[in-house]
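Engineer: need a structure here:
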Amino acid sequence: MTATRRHTKWFLAAEALALLLVAVVTCCYMPLAQAARMTIALAVAYAVPCWLYHRSDHATPVGHGVLFAAALWLAAIAIAFVWRCTIGSGASFTMPQLYGDASDYYNWALAHYDGSAVEPKMTFWGYSIVIIALWKVLGVNVIWPVTMNVMVTLLTIVLAGRLAVRLDSERRDSVATLAMALLALMGFFMSQGAQMLKEPWVYLAMTLIAYGMMPPTPVLSKSKTTKRHHSLFISHYALVYALGCLILAGVRAKYINFLVIGLFLMFVAGLMSPKAPLKGGVRGGSRTEHSPFRESGGLRLLLLFAITLFFWWLGMVMTDHYTIIQQVNNVTGENGMATIFAPEGVYQRILGDYFHYPVWKKLLYLPATCGVQWIIPFPWMPEGEHASWLSMVPRLRLGWYVLSGVLLYFYLFRSWRRGWQWAVWAWFPMLCYVGIAYMTAGTVSRYLLAFQPWWMALSALTLLTCWRIRSFRLFMLAYLLAFAAILTTCFILT
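Structural biologist: Numbering: from 1, shown residues only. Okay, here's the model as predicted:
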């Protein structure tokens, strides 16, 4: 028996055992019919990403194991969430006890499905449309949208591996597996991906956009066949990018504003890059050369820019109570921003009335707001009625803190080595990071989770290429010591 067949046999046995375990656990906490629905839905949520992963050219037994472990982790969170909002709250599976955004998504869907709920005021209703579509096929039940989110989160993990392969095709197997593993270790990312929130759809959208925005590899051959294949490749990029924008338009259209800025910066960076050598020699007494516009990928970026503008318009159409004026107010802090994102505790006393500060003063506070955004949710031990293991999951951020050091090393010392346009692509998530910190005073780190697949792909690349470098190891040692001092200070202040 070959090694591949042995691995397949063991994985099939492990997957069957895990499915049996899920069935037993759900039967212990849910009625038999609902337990069967939950088990089957979770099995499908795992099977689809697993099938997609095994169709890729970088699939390995280790990567399969990473995906399997991530699926079990997400299944545990999903089961706990469904139990808490149904049996644990004395509610039903058709009318669960939900809170905050999850309640709005569910009630909006019910209001438009059969009119059995009062329609709440909600800005982005793309996720609720998905819920209605599921109910049309499977019937009203909270299980379906939750397990759909599990599948979307697993798909994002698979696509993060594919994104990492585009960064380092020479180590495709190892870099893809490592990127998937690093992403699965992000506790906050995983916890939000297995509840009834729109976050998993934002994850998927931004990962597709990252894949589509990445500058393509230059064409070395100038034959007609190669040019045609290259054109199809660019079209593939555009289609993937458009799919990401379509999802984003329905679930969090305001992120599209960042894309406009990012594409513009990539175009400028392309113009700043060194020109390609002259081609074609002398013809008719004059030399012919490619224009800076063509060499910078200007046509491709114009296509992406047109796609972005279309989906920006579509995002405005697909939302309620969200206008251009409100987008401006997101930056100025008017219309309730101070209430929605109000700082609390020690941070509030330090920051003061942030949302009514002038622009220059908010810019001065950026180191503080970016730092707070990096470390929350904090403290890790919630008190009162929210002190459950499920509410602890988002606070398990040690992996994020450590890998932030890897990212910092990459941005400081490695990000400019492939050219200006690639550097702008790599820095784009950091641009969004700073923009979100500016607009929310650093109080909503959940908005950053969509960029973690992007960051974990860069982290995997950095770890594989730099772990033998002495300066990298010294940098990480200094970073971890500083990190320990910061956490100690935070514990003392809280």
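Engineer: where in the stretch 201-350 of the chain is pLDDT low?
Structural biologist: Applying pLDDT under 70 to the stretch 201-350 of the chain flags residues 217-235, 273-297, 320-346.
Engineer: try 50 this time
Structural biologist: The model of the stretch 201-350 of the chain has pLDDT under 50 over residues 218-232, 276-296.
Engineer: show me the strands in it, by range?
Structural biologist: Ranges of strands in the stretch 201-350 of the chain, per DSSP state E, counting those that start in this stretch, are 282-283, 286-287.
Engineer: number of residues surrounding residue 19?
Structural biologist: By other CB atoms under 10 Å, the residues close to residue 19 number 16. For glycine as for every other residue, the C-beta is placed from the backbone atoms N, C-alpha and C.
Engineer: does residue 168 touch residue 465 like I think?
Structural biologist: Yes. Applying CB atoms under 8 Å, one finds residue 168 in contact with residue 465, separated by 7.4 Å.
Engineer: from residue 363, how far out is residue 167?
Structural biologist: Using CB to CB, to the nearest Å, residue 167 is found at 32 Å from residue 363.
Engineer: which residues does residue 114 contact?
Structural biologist: Applying CB atoms under 8 Å, 6 or more residues apart in numbering, we find residue 114 in contact with residue 140.
Engineer: over to residue 236?
Structural biologist: Neighbours of residue 236 in contact, by CB under 8 Å, 6+ apart: none.
Engineer: and residue 167 and residue 363? Which one has more around it.
Structural biologist: residue 167 (22 against 13).
Engineer: what helix or strand is the closest residue to that one other than its chain neighbours on?
Structural biologist: In this structure, residue 167 finds its nearest non-sequential neighbour in residue 461, 4.7 Å apart by CB to CB, 6 or more residues apart in numbering. Using DSSP states H and E, the element containing residue 461 is helix 452-466.
Engineer: so for the following helix or strand past that helix, what gets flagged as buried?
Structural biologist: Sequence-wise, the next helix or strand downstream of helix 452-466 (DSSP H and E) is helix 470-493. By neighbour count on 16 or more other CB atoms under 10 Å, the buried set for helix 470-493 is 472, 475-476, 479, 483, 490.
Engineer: how far does stretch 445-455 stretch from start to finish?
Structural biologist: With CA to CA, to the nearest Å as the measure, stretch 445-455 spans 15 Å from end to end.
Engineer: pLDDT (mean, whole number) over it?
Structural biologist: Regarding stretch 445-455, the rounded mean pLDDT is 93.
Engineer: buried sites along that stretch?
Structural biologist: 445-455.
Engineer: can you report phi and psi for residue 194?
Structural biologist: phi -120, psi 20 (degrees, to the nearest 10).
Engineer: run through the residues that contact it.
Structural biologist: With contact taken as CB under 8 Å, 6+ apart, residue 194 is in contact with 74-75, 77-78, 81, 146, 149-150, 153.
Engineer: again, only using 10 Å
Structural biologist: Residues near residue 194 by CB atoms under 10 Å, 6 or more residues apart in numbering: 42, 45, 73-82, 146-147, 149-150, 153-154, 200, 390, 393.
Engineer: any idea how far it lies from residue 368?
Structural biologist: The separation that residue 194 has from residue 368, given CB to CB, amounts to 32 Å.
Engineer: what's the answer for residue 182, then?
Structural biologist: For residue 182, the distance to residue 368 equals 28 Å [CB to CB].
Engineer: just want to know which of those two has more residues nearby.
Structural biologist: More neighbours surround residue 182 than the other of residue 182 and residue 368, with 25 against 16 (other CB under 10 Å).
Engineer: how about the more buried one, nearest residue that isn't a chain neighbour?
Structural biologist: Residue 182 sits nearest to residue 456 (CB to CB, 6+ apart), 4.3 Å away.
Engineer: I figured residue 91 hits residue 97, correct?
Structural biologist: Yes. In this structure, residue 91 is within contact of residue 97 by CB atoms under 10 Å, at 4.1 Å.
Engineer: tell me which element residue 132 falls in.
Structural biologist: Short version, using DSSP H and E: residue 132 is in helix 126-138.
Engineer: pull out the buried residues from that helix.
Structural biologist: So for helix 126-138, counting by 16+ other CB under 10 Å, buried means 126-128, 130-132, 134-135.
Engineer: and that helix, how far from the chain's centre?
Structural biologist: 22 Å (CA atoms, centre = their mean, to the nearest Å).
Engineer: what's downstream of it, the next helix or strand?
Structural biologist: Trace forward from helix 126-138 with DSSP H and E and the next one is helix 143-167.
Engineer: quick check: angle from that next one to helix 126-138?
Structural biologist: In terms of direction (axes from the mean of the first three to the mean of the last three CA atoms, to 10 degrees), helix 143-167 departs from helix 126-138 by 120 degrees.
Engineer: just how off-centre is helix 143-167 within its chain?
Structural biologist: The answer for helix 143-167 is 9 Å, by CA atoms, centre = their mean.
Engineer: what sits against residue 241?
Structural biologist: 208-214, 259, 263, 300, 303-304, 307-308, 311.
Engineer: out of those, which two are the most distant from each other?
Structural biologist: Greatest spacing in the contacts of residue 241, by CB to CB: 214 and 311 (18.5 Å).
Engineer: between those two, point out the one with more neighbours.
Structural biologist: Legend: neighbour count by other CB under 10 Å for residue 214 and residue 311, higher for residue 311 (23 against 20).
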